[in-house]
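Student: With the sequence up front, the predicted model follows.
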Amino acid sequence: NAGVMQNPRHLVRRRGQEARLRCSPMKGHSHVYWYRQLPEEGLKFMVYLQKENIIDESGMPKERFSAEFPKEGPSILRIQQVVRGDSAAYFCASSPPFASNTEAFFGQGTRLTVV
Amino acid sequence: AQSVTQPDIHITVSEGASLELRCNYSYGATPYLFWYVQSPGQGLQLLLKYFSGDTLVQGIKGFEAEFKRSQSSFNLRKPSVHWSDAAEYFCAVGAHNQGGKLIFGQGTELSVKP
């Protein structure tokens, strides 16, 4: 059973370009979470998605950032018109359909560098 | 406000010495508590978790943590540190009805002296 798969592992974009980060959850998991880790900081929650639904986007920046988790395929975090401040590690986590005592499993992350 | 505080940004211990990493939280609901470890350039690996029951939790790699509700703490301990334990350690808190939506501390970087 493969873990949470994120790709690419490293992504370099010029200012103004779009960045697309992909996350395939663990088999059987229908909940996906995206986190951002700025240099020297902890992880900050961005968004929580279930298939075809955004459940909680309280941590998403208001502009340029969007996320989706379609019925088929991976979850996508999209950053439009990237700026230097978007340089960070972006982590995806997944968890199974709700039961008590569930935990989330994290991917290896995508490290975005904006030049 | 909900928050997690790891007071120690960087700790250095000698190999073979004991370790305690501190974590304090502020959370309105009954907390689920986690410790993760992150090696440079890598993802997060779960060391241990507390959901309910026995307040002393055993994890992987010889780590344990104790939940103290009265002190709002969940400190991580290891009796004898190995050089391979050098990494960044994160404490996190969540709620039973919020799955993987977690609040993380700033992290504690552990260095191990030979």
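Tutor: Perfect, thanks for sending it.
Student: what helix or strand does the one residue sitting closest to the centre of chain B sit in?
Tutor: For chain B, the residue nearest the mean C-alpha position is B:Trp35 (3.4 Å; CA atoms, centre = their mean). Using DSSP states H and E, B:Trp35 falls within strand B:31-38.
Student: Paired strands for that strand, with orientation please.
Tutor: Here strand B:31-38 is paired, per DSSP bridges, with strand B:44-50 (antiparallel), strand B:87-95 (antiparallel).
Student: Tell me which of those sits most buried.
Tutor: Stretch with highest mean neighbour count among the strands paired with strand B:31-38: strand B:87-95 (a mean of 23; mean count of other CB atoms under 10 Å in any protein chain shown). Every C-beta, even on glycine, is put in place using the N, C-alpha and C of the backbone.
Student: For residue 31, report the pLDDT, please.
Tutor: In the absence of a named chain, chain A is used. For A:His31, the model assigns a pLDDT of 91.
Student: Chain B is the one I meant
Tutor: pLDDT, read off for B:Pro31, is 87.
Student: so how far is B:Lys49 from it?
Tutor: 11 Å (CB to CB, to the nearest Å).
Student: Contacts only, for residue 10.
Tutor: As the question left the chain open, I've gone with chain A. A:Thr110, A:Arg111, A:Thr113 (CB atoms under 8 Å, 6 or more residues apart in numbering or on different chains).
Student: hm, I was asking about chain B
Tutor: Counted by CB under 8 Å, 6+ apart, B:His10 has contacts B:Thr108, B:Glu109, B:Leu110, B:Ser111.
Student: Could you list everything it pairs with in the sheet?
Tutor: Assigned bridge partners for B:His10, using DSSP bridges, are B:Glu109.
Student: Next: B:Glu20.
Tutor: Here B:Glu20 sits in beta bridges with B:Arg77, as judged by DSSP bridges.
Student: can you confirm B:Ser84 is in a helix?
Tutor: Yes. Checked against DSSP: H, G, I helix; E, B strand; the rest coil, B:Ser84 lies within a helix.
Student: And it, what's its pLDDT?
Tutor: Reported pLDDT for B:Ser84: 95.
Student: Roughly how far does it sit from A:Ser58?
Tutor: Distance, B:Ser84 to A:Ser58, by CB to CB: 37 Å.
Student: same thing with A:Leu77?
Tutor: 15 Å.
Student: So between those two, which is more surrounded?
Tutor: Just comparing A:Leu77 and A:Ser58: by other CB atoms under 10 Å in any protein chain shown the higher neighbour count belongs to A:Leu77, 26 against 9.
Student: re earlier: just put the strands paired with strand B:31-38 in CSV and tack on distance to A:Gly16 and mean pLDDT.
Tutor: Listed next are the strands paired with strand B:31-38 as CSV, based on distance: least, CB to CB, whole Å; pLDDT from 0 to 100:
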stretch, distance to A:Gly16, mean pLDDT
strand B:44-50, 31, 93
strand B:87-95, 32, 93
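Student: Ok, which of the ones you listed comes nearest B:Lys61?
Tutor: With CB to CB as the criterion, B:Lys61 lies closest to strand B:44-50 of the strands paired with strand B:31-38, at 6.8 Å.
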